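Asker: Structural data only, the sequence is not supplied:
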């Protein structure tokens, strides 16, 4: 390759790279990392260190129908008809509604999970909450369990970096070795 050809390819790379990153690379990586992030928290029940978030409380409680996400699962056990005695506490509240309760996975209504989205901009992408209510809820959960949950894990950061490097290598190869 002549030096002038090489310079033209470098110039083309310089001019085209931001657009290629923003239109294809970042959206794909953002979506895959966001899905892995949500899976870690809401399916596996793991914090940012990839340890169990915790266990659900088994302290007895009385729950009202309003506390049930699946209203049909509520069966009053009180004279007033307004509460249901749950001998195994919050863990039982999830169980009677058919929700996973072996360990904390932060799934109840699904609103928190749905509010986590990625957004691509000129500087890359961010993963965050779409509304303040769920961002505040996430902070309260981290305070409650005393650990980082909604920070990317080291493994997620590493995968993200590896995917960016792989994409950059493909772009480089497509420009410099296309002929």
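Answerer: Yep, that arrived. Computed from a predicted model, the values in this text were never measured in an experiment.

Asker: Which elements pack onto the longest helix seen in the chain?
Answerer: Using DSSP state H, we find that the single longest helix of the chain is helix 154-176. Judged by 3 or more CB pairs under 8 Å, 6 or more residues apart in numbering; DSSP states H and E, the packing partners of helix 154-176 are helix 3-20, helix 26-38. For glycine as for every other residue, the C-beta is placed from the backbone atoms N, C-alpha and C.

Asker: quick one: contacts for residue 67?
Answerer: Contact analysis of residue 67 by CB atoms under 8 Å, 6 or more residues apart in numbering lists residue 93.

Asker: tally of neighbours for residue 8?
Answerer: For residue 8, the count of nearby residues is 13 (other CB atoms under 10 Å).

Asker: separation between it and residue 85?
Answerer: According to CB to CB, to the nearest Å, residue 8 stands 77 Å off from residue 85.

Asker: Just give the number of residues close to residue 77.
Answerer: The number of residues packed near residue 77 is 13, by other CB under 10 Å.

Asker: hmm, back to that, just name the most buried of the helices and strands packed on helix 154-176.
Answerer: Across these, averaging neighbours per residue (mean count of other CB atoms under 10 Å) puts helix 26-38 on top, at a mean of 17.

Asker: Give me the phi and psi for residue 127.
Answerer: phi -120, psi 130 (degrees, to the nearest 10).

Asker: Please give the number of neighbouring residues around it.
Answerer: Burial of residue 127 is recorded as 17 neighbouring residues (other CB under 10 Å).

Asker: For the residue nearest in space to the middle of the chain, report the pLDDT, please.
Answerer: By CA atoms, centre = their mean, the mean C-alpha position of the chain lies nearest to residue 38, the distance being 2.9 Å. Looking at residue 38, its pLDDT reads 97.
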